[in-house]
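Visitor: build me a model:
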Amino acid sequence: MPSTTNAKKIISVLCGCLLLSLAACSLNQRSVRPSWENGVLRVGVTPNYPGLIHKAADTGLISGLEAECATLLAERLHSRLQLVELEWEKQIPALERKKVDIIMSAMSITEMRKLRVAFSEPYLAINQMALTTKAEENTFRSVQEILATRKPIGVEKGTTGDIFVQRYCLVAETLFFSSPDIAVKALRDKRIALFIHDGPVLGSYVASNSTDDLVLLKIPLTSEELAWAVRLNDPDLLEEVNSALADWKDDGTLQKLIKKWLPQ
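Guide: I've put the predicted structure just below:
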């Protein structure tokens, strides 16, 4: 039977170990806190969407509705904003791997994406639409003529335009492009007859079209909502984002930004 002195020593050692273990757990918890709780909001962007999130070729400046919203959100969270440029198809994997805290890059809400991310309340409703040329305009006068065409259709890979064409334009040849700029060039070069993408994107190309050779077909192909995406296990950030959105809708901030960046 151990002496009283030895028993006290054993208890003292065990208490010390327990305190060290608790301290280690506390440090570990602090080390895995989301970056936005440590003063940096990392926002995943694919800056190829005129009006929403776009990078100027000459200056490298990223601007648009979502860039301004990201700035406002970072200020609200008392965080420094870090825009993380990613290829579109790498956005959700980067979020899942905790390389970014939130995706603010013209992402449509879909059931498949809901399996991997938590969406905020929507901030904009849009349609998938089709861009064509003056020469092809009369070929596509209805949704049926678009769906039945055998002419090549361009899409940006991984977008809802891509999903729409794969699902409904069953006899058309589909050409995949890495950005809207490249797809529009292919349209002008007559390598495709249609480019299907978000209406605001296509509208921006028509608005800036100096040669007047592009035509936006006034035929909505889908109805969808854009929102921002956070990790499924980050409800605190989701709550902060939804709270910010509610305030911006109530005080008119969001509507002002929409009118500023998407006047068409």
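Visitor: so for the host helix or strand of R113, what's the average pLDDT?
Guide: Using DSSP states H and E, R113 sits within helix 111-114. Helix 111-114 carries an average pLDDT of 94.
Visitor: after it, which helix or strand is next? Please name it.
Guide: Heading C-terminal from helix 111-114, the first helix or strand you meet, by DSSP H and E, is strand 117-119.
Visitor: now that next one: how far from the chain's centre is it?
Guide: 11 Å (Cα atoms, centre = their mean, to the nearest Å).
Visitor: in that strand, which residues are buried?
Guide: Buried residues in strand 117-119, counted by 16 or more other Cβ atoms under 10 Å: 117-119. Backbone N, C-alpha and C define where each C-beta goes, glycine included.
Visitor: and those as CSV, adding distance to E96 and pLDDT?
Guide: Below are these laid out as CSV (distance: Cβ to Cβ, whole Å; pLDDT from 0 to 100):
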residue, distance to E96, pLDDT
V117, 8, 97
A118, 12, 98
F119, 14, 98
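Visitor: where exactly do the helices run in the protein?
Guide: Ranges of helices in the chain, per DSSP state H, are 4-31, 65-76, 91-96, 111-114, 143-148, 160-168, 180-188, 199-207, 235-250, 253-261.
Visitor: dump the ones you listed into TSV; add mean neighbour count and distance to A130 as well.
Guide: Listed next are those as TSV, based on neighbours: other Cβ atoms under 10 Å; distance: least, Cβ to Cβ, whole Å:
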stretch	mean neighbour count	distance to A130
helix 4-31	10	50
helix 65-76	20	23
helix 91-96	18	24
helix 111-114	11	23
helix 143-148	15	6
helix 160-168	18	9
helix 180-188	19	10
helix 199-207	20	8
helix 235-250	16	30
helix 253-261	15	22
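Visitor: reformat those as JSON lines; add distance to L41.
Guide: As requested, the helices of the chain are arranged in JSON lines below (distance: least, Cβ to Cβ, whole Å):
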{"stretch": "helix 4-31", "distance to L41": "18"}
{"stretch": "helix 65-76", "distance to L41": "4"}
{"stretch": "helix 91-96", "distance to L41": "13"}
{"stretch": "helix 111-114", "distance to L41": "21"}
{"stretch": "helix 143-148", "distance to L41": "40"}
{"stretch": "helix 160-168", "distance to L41": "26"}
{"stretch": "helix 180-188", "distance to L41": "27"}
{"stretch": "helix 199-207", "distance to L41": "25"}
{"stretch": "helix 235-250", "distance to L41": "9"}
{"stretch": "helix 253-261", "distance to L41": "18"}
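Visitor: so which bits of stretch 51-69 are buried?
Guide: For stretch 51-69, the neighbour count (16+ other Cβ under 10 Å) marks 51-55, 62-69 as buried.
Visitor: of these, which pair is most distant in space?
Guide: K55 and C69 (16.4 Å; Cβ to Cβ).
Visitor: how far away is the spatially most central residue of the chain from F177?
Guide: What sits nearest the mean C-alpha location of the chain, by Cα atoms, centre = their mean, is S105, with 2.8 Å. From S105 over to F177 the distance is 17 Å, taken as Cβ to Cβ, to the nearest Å.
Visitor: repeat for L216
Guide: Taken as Cβ to Cβ, the span from L216 to F177 is 18 Å.
Visitor: repeat that for L81.
Guide: 29 Å.
Visitor: neighbour count winner among the two?
Guide: Legend: neighbour count by other Cβ atoms under 10 Å for L81 and F177, higher for F177 (21 against 16).
Visitor: re earlier: between the helices of the chain, which gets the lowest average pLDDT?
Guide: Looking at the helices of the chain, the weakest mean confidence is helix 4-31, a mean of 50.
Visitor: what lies in contact with stretch 120-130?
Guide: 65, 69, 108-109, 140, 146, 160-161, 164, 194-200, 202, 216-217, 219-230, 238, 241-242, 245-246, 254, 258, 262 (Cβ atoms under 8 Å, 6 or more residues apart in numbering).
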